[in-house]
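Student: Here's a sequence, model it:
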Amino acid sequence: MHIVGAGLAGCEAAWQVARAGVPVVLYEMRPLQSTEAHKTDKFAELVCSNSLKSESENTAPWLLKEELRRMGSALLESAAKARVPAGHALTVDRELFAADVTARIESNPLIEVRREEVAYLEEGRIWIVASGPSPVDLLPKRSDA
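Tutor: The predicted model follows:
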């Protein structure tokens, strides 16, 4: 399994696939290639807000997080460690959160991290593209595609 992007979705996908016993190659272009939004080379870097939204029961954000918790979400475990007070929202210290997610992913023996840019999706492999809003000129652009 190959996953492009070590943001929230890519890290959680890599974690869940590895939990199922399947080896994963996780590609992250930072720090070799950066974006205007990112400040570090850490995984799951929150760039717009440090809030993971409402923790009030029976709201859509709460339900999504509750489902993820029941699935053994790595990101929600990291969020619990990095939580800061913020009323009814799950709000985290961005640096602690990203550092914990990065350490968790990098220490998993079934997840191989490659700090490189993916220019195209190689045929014959299973891919998850979780690259966020800034993929390199929007994959794929091959003349034979």
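
Student: so where's this structure shaky on pLDDT?
Tutor: Counting by pLDDT under 70, the low-confidence segments of the chain come to 34, 36-38, 132-145.

Student: can you pull out the strands in it?
Tutor: With DSSP state E, the ranges of strands along the chain come out as 2-4, 24-27, 51-54, 83-84, 89-92, 111-114, 127-129.

Student: burial of residue 52, as a residue count?
Tutor: 21 (other C-beta atoms under 10 Å). C-beta here means a position set from N, CA and C on the backbone, and glycine is covered the same way.

Student: thought it was touching residue 91?
Tutor: Yes. Residue 52 lies in contact with residue 91 (C-beta atoms under 8 Å); the separation is 7.1 Å.

Student: ok so, going back, kindly reformat the strands of the chain as a markdown table containing distance to residue 71.
Tutor: Output for the strands of the chain, formatted as a markdown table (distance: least, C-beta to C-beta, whole Å):
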| stretch | distance to residue 71 |
| --- | --- |
| strand 2-4 | 17 |
| strand 24-27 | 16 |
| strand 51-54 | 16 |
| strand 83-84 | 19 |
| strand 89-92 | 16 |
| strand 111-114 | 17 |
| strand 127-129 | 16 |
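
Student: between these, which one is nearest to residue 11?
Tutor: Among those, the nearest to residue 11 by C-beta to C-beta is strand 24-27 (7.6 Å).

Student: And the closest one, what's buried?
Tutor: Neighbour-count burial for strand 24-27 flags 24, 26, 27 (criterion: 16 or more other C-beta atoms under 10 Å).
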